[in-house]
Every structure is written in C-alpha cells, then in structure tokens.
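In: make a model of this:
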Amino acid sequence: MKIQNRRDFNAGLMFILIGLFFGIYSLDYSLGSANRMGPGYFPLLLAIIMGVLGLIVLVMSFAPADAQEPPGPTDWRGIGLILASVLLFGLLLPYAGFLIAVVALVFLAATGSQESRTKETALLAIGLVVLGIGVFGYGLELQFPILPPLLTQ
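Out: Just a heads-up that it's a prediction; the model follows:
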C-alpha cells in the first residue's frame, strides 16, 4: 500500500501518538465510573477519541486520491517553530507575564508559515492578549502575571 496523502498520514500518526501519550498518563489517576467519574476518566476518554480519529485519518491517507496534488514534503521547520513557540510561552509566562508571552507565542508561531503577514500577526496577538486577559484573568480569575513582575513591583 502506498501513501496517497502525506498530510493525512502525518496528521493521523500525530493524533495516535498524542492520544496514546495522554491515555497512558491518564491511567495514573483514578478512573471511577460513568456515574462517578474520577480525575482520569475524561482525559482517558478524550485520548481514546483522539486515537480513534487518528486511526481513521491514517487509514484514509492510503485511499486513492481524486486528482489531488502529489504528496509534498513535510514542513518540519513549521512544526518545530510552532512547538517551540508553545514551549517559549510556558517558559516566559512566569517571568515576562502574559502579555509578552502571548506576543512571543504568536510571532514565533507565525514565522512557521510562509503566508503570514506582520500586520495580521500583530492583530492576532492583540486579539489573543485581550481575549486571554478577559477570559482567564477576569472571567476565571486565574492568578498569573499580566505584565512582567519587575514592572509591577
């Protein structure tokens, strides 16, 4: 069998691996039952759903393509930059604050695409900062620094 759609193959494989990872680690928590769900029940359920969807997408990648473009190379640079942006967000949040961490996340992730434009990326960053502060800061009242702690002392 030959892979007909490289994107679907990679996406299905990624979904399966993520589902497997979270499924294994959700077993560290008690599952409970459907009536009295434990802390591991919902993550395990989501991991199973993600794994099944990944399997469906993976199998469909072998189906004959209907006049589609031939499979292109995987954009490892883009994937790496998006993953690095999430890691950078996690590292920056406690030290630089939500504002700087979100802006860094958006701009670094945007460099992973050839189609991103600076104006659109800036508008996206502003929108995510406003939405994030509104939802997480005021709506859910989560305690995280909005500005760098050095500026708020």
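In: check which residues of the lengthiest helix in the chain are buried.
Out: The longest helix of the chain (DSSP state H) is helix 76-110. For helix 76-110, the neighbour count (16 or more other CB atoms under 10 Å) marks 81-82, 85, 88-89, 92-93, 96-110 as buried. Glycine gets a C-beta too; all of them are placed from N, C-alpha and C.
In: next, the angle from the helix or strand that that helix is followed by to helix 76-110.
Out: Next along the chain after helix 76-110, taking DSSP states H and E as the criterion, comes helix 118-132. Angle, helix 118-132 to helix 76-110, by axes from the mean of the first three to the mean of the last three CA atoms, to 10 degrees: 70 degrees.
In: could you export the helix or strand bottoming out on mean pLDDT in the chain as PDB, CA atoms only?
Out: Every helix and strand in the chain was compared by mean pLDDT, DSSP states H and E; the lowest is helix 149-152, with a mean of 74. Extracted C-alpha coordinates of helix 149-152, given in PDB (Å, rounded to 0.1, in the frame of the first residue of the first chain):
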ATOM      1  CA  PRO A 149       6.800  41.100  37.600                       C
ATOM      2  CA  LEU A 150       9.600  43.600  37.500                       C
ATOM      3  CA  LEU A 151       7.200  46.300  36.200                       C
ATOM      4  CA  THR A 152       4.500  45.600  38.800                       C
END
